[in-house]
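Colleague: sequence unknown, structure follows:
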């Protein structure tokens, strides 16, 4: 355990001895060669490269995106993804779980058949808690991500909202320009003088080179020149409210799947919290003429809130650490940014750890992906520790309140 | 909503002269109650007079609490509990399916064995019922109501400076008086009390008994107790329950000093129970 | 008893007697009840969907030309990818799962039981208050962390003490799963031991039993069905565990009696097959549903028995 901790601490400050050594070597070499020789130029280029690399490495482990080299890799997008998925999952399980628990605990039926039914529902929930999370992953994959294939594939969705498409072209002057299109299949006809967007959003007039036209000479024209038959790739741009059916490998599909995993746990812990509220309080409220729901709303629920919150926070911490169902939905995705909207691709911390832990290890290298994985584990455990501490404090409040 | 009591409601079986002026607020006939297959009450016949204290006494498990809880249908939530026969207010059939328990409980308040203040402030405890029931409730009226209820329950002087403090900080006796004030604040006609002093020390008990005596000016009170001295001290009429039946019922003095039945005599003289 | 004169005058609100509309209250009540009932119905819907989905897709799987039910249930080779001949015999996967579960239970059961007995019978109250949250914290550690632990700590440690294990192997995965299940076994067993009435202990002490006698000969037997249910629920958890085996047990479906080799479990197969490649509807893709159905059936049986035993046990001492 300690070795994991030690390895992990390295990830926050990856060793750069080799780079530093090479830099000082270059420096001494530079002093010895003539300033305008080709050697000096090569060395300066290498120096700049190394400095850039150093800058990347020096960026915080918490915000760097994952990278093919261990020293440059970070957990930024994965951490954001975990936060998004956990928040989304909470938004679903909180109303559903608390609602179910209240129904089963506070609206106990008197009718014999209904009582049998509610017993069965309770048994069902207890058994759902024992279903392996990967089975929920399969359920989520089929129901949320692909929707049984009924609505086309996630790449060719049946329904889309808030998504704009652009064709991306590279001009003869190596400039990237975008031409907005109506849907993903449309190929725009390129006309001389039409407007296109640059990456920064500013508009430019395109110069289209037809078969008979001359190839332009000056750089300014080249930068906006395209051949009339050039082909561009489709780029999708999603608004914050974008939505599609099926959900695909999205944050939403993952949140809903995790909700399925966590729901039984939340229901059971909320029921326990409600059961801890003394019966005499409920009787008092009913004696004053409260309906069952008024009793719950005004008396039982307020008294049970700390207990319910304890259960919910513990469930959230379980949701953050859960990897198997998400693995079924999204697999290993290499992305450079955290999710921007509910339909975005994402990665989460546990999956990032899983991926890094499976990378080949080169024993000769003092810093490899195992160190990065250990670093991510430390972050994950710190988050869980924070969650658990809050839960323990809340539990104490709950016990004090009800005693 | 408020009902006019029929002025000529004939008291059926009361033989005491003083009760002639007190019409019945609750009357029952042939009333039976069950928990599942177990019959807890057998063919009860009883009238509860207005503005009087009626005590139910008897050994534990004799059904006195069951009857009390049926009067405002607290048994509704108990699985398997059902009842038959006649149990009526002058204008409402308590057992009828169409009777709304919320409307019923506005008229019939209940105080439990163990004080059960809500974990809220003293003020909010009293204001709880009014906020629930009254449509037009300006803040000043609510303040008046809370003050009135606390004065009625003889608690005002002790708590007027800390109305916003938690009710759980009060002593047991104060908590029970708070519960009485809470019940009164809804404006009921009838107060049911289920062994209200059994969890209290003698000093608090005596204060509550005094209070019950005061309150009967305006409320019809039914009190369940296993403490015979208490019944003798603060009730006008007494019903003695045994194994789900009313063995004897009448003016308290008669029941305690001139019991008609052997069982009653054995019980009040302490031979069993 | 200072009731002022004004106190006999009922306050304005009580004189007005303007009540809120009962119809509105009742309607809101009905509406909320319906909403809550829908929430509850959703849990039932989950179960129904799981069963229908798994059964339906499994039928699809068996309707493919490469597969047959008898091969699946009795075949001894699982090679969904190799060459032209794809074989779907479930036994190698079950064998892998069994190895991991058996090893995990060998670790979790004795340790968990000893922990539970210590916590319930021996530990002073203060120590208990410290140990229980630690146990819970242990239960909250994500499974990928245990998987990593198995890879970088357990396997090298086994190799260091002279056990010739492969880099990926069933033993270290099993040990890690065992550590994962330990809190479950410990806390459920501890609940069971705590549920044994004091009078039983008092009677045993009264007959002159030592603490050891009382715990082992009276309390543990009395709580046996509770402990068995803890064991069943933990075993269900071990069978369904995915990340640890995916990381540390390897990916070679192997009908072996040697747990030092790499194996593949049912969950491991699902994880390695469906890693996000959800647009490819071939026979291999459908095989995960058939495997999931078997897995679901096994864990559900264990959980149902475990829950029924637990309920019986609780009722016995209520």
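Modeller: Nice, thanks for sending it over. A quick note: this is a predicted structure, and the numbers were derived from the prediction, not measured.

Colleague: give me every residue that touches residue 80.
Modeller: No chain specified, so I'll use chain A. Residues near residue A:80 by Cβ atoms under 8 Å, 6 or more residues apart in numbering or on different chains: A:337, A:338, A:339, A:346. Every C-beta, even on glycine, is put in place using the N, C-alpha and C of the backbone.

Colleague: ah, no, chain C please
Modeller: Shown in contact with residue C:80 (Cβ under 8 Å, 6+ apart): C:86, C:87, C:88, C:269, C:273, C:283, C:284, C:287.

Colleague: surely the last one is within a strand?
Modeller: No: under the criterion used here (DSSP: H, G, I helix; E, B strand; the rest coil), residue C:287 is helix, not part of a strand.

Colleague: you'd agree it is up against residue C:273?
Modeller: Yes: using Cβ atoms under 8 Å, residue C:287 is in contact with residue C:273, at 7.1 Å.

Colleague: out of the two, which sits in the more crowded spot?
Modeller: residue C:287 (26 against 19; other Cβ atoms under 10 Å in any protein chain shown).

Colleague: residues contacting that one?
Modeller: C:61, C:67, C:80, C:88, C:269, C:273 are the contacts of residue C:287 under Cβ under 8 Å, 6+ apart.

Colleague: mind redoing it with 6 Å?
Modeller: C:80, C:88 (Cβ atoms under 6 Å, 6 or more residues apart in numbering or on different chains).

Colleague: out of the contacts of residue C:80, which sit inside strands?
Modeller: Of those, the ones assigned to strands by DSSP state E are C:87, C:88.

Colleague: now the two most distant members of the contacts of residue C:80.
Modeller: Using Cβ to Cβ, the contacts of residue C:80 span at most 14.9 Å, a distance reached by C:87 and C:273.

Colleague: from residue C:24, how far out is the residue of the stretch 151-273 of chain B found nearest chain C?
Modeller: Closest contact between the stretch 151-273 of chain B and chain C, by Cβ to the nearest Cβ, is at residue B:187 (4.0 Å). Here the distance between residue B:187 and residue C:24 works out to 20 Å (Cβ to Cβ, to the nearest Å).

Colleague: check residue C:295 too.
Modeller: Residue C:295 is 50 Å from residue C:24, by Cβ to Cβ.

Colleague: those two: which is more packed in?
Modeller: Using other Cβ under 10 Å as the criterion, residue C:295 and residue C:24 rank with residue C:295 on top: 28 against 9.

Colleague: got the confidence number for residue A:254?
Modeller: You'll see residue A:254 listed with a pLDDT of 94.

Colleague: can you give me the strands for chain A?
Modeller: Under DSSP E, chain A gives strands at A:159-170, A:176-181, A:195-198, A:203-205, A:207-209, A:225-227, A:233-245.

Colleague: of all those strands, which one is nearest chain C?
Modeller: Chain C lies closest to strand A:233-245 among the strands of chain A, at 14.7 Å (Cβ to the nearest Cβ).

Colleague: contacts only, for residue A:73.
Modeller: With Cβ under 6 Å, 6+ apart, residue A:73 has these contacts: A:66, A:67, A:372.

Colleague: which among the contacts of residue C:80 end up buried?
Modeller: Buried by 16 or more other Cβ atoms under 10 Å in any protein chain shown: C:86, C:87, C:88, C:269, C:273, C:284, C:287, out of the contacts of residue C:80.

Colleague: tell me how far the fourth one lies from residue C:252.
Modeller: Between residue C:269 and residue C:252 the distance, using Cβ to Cβ, works out to 11 Å.

Colleague: the last one now?
Modeller: Using Cβ to Cβ, residue C:287 is found at 16 Å from residue C:252.

Colleague: also the first one?
Modeller: When distance is defined by Cβ to Cβ, residue C:86 is 16 Å away from residue C:252.

Colleague: quick one: secondary structure of the residue in the stretch 151-300 of chain C that chain B sits nearest to?
Modeller: Residue of the stretch 151-300 of chain C nearest chain B, by Cβ to the nearest Cβ: residue C:199 (23.0 Å). In three-state terms, and counting by three-state DSSP, residue C:199 is helix.

Colleague: grab the most central residue of the chain for me.
Modeller: Using chain A. Chain A has residue A:81 as the residue nearest its centroid, 1.8 Å off, counting by Cα atoms, centre = their mean.

Colleague: meant chain B actually
Modeller: Centroid-nearest residue in chain B: residue B:192, 1.4 Å away (criterion: Cα atoms, centre = their mean).

Colleague: confidence score at it?
Modeller: For residue B:192, the predicted pLDDT is 94.

Colleague: can you check residue C:39 too?
Modeller: At residue C:39, pLDDT is 94.

Colleague: nearest residue to it other than its sequence neighbours?
Modeller: residue A:99 (3.4 Å; Cβ to Cβ, 6 or more residues apart in numbering or on different chains).
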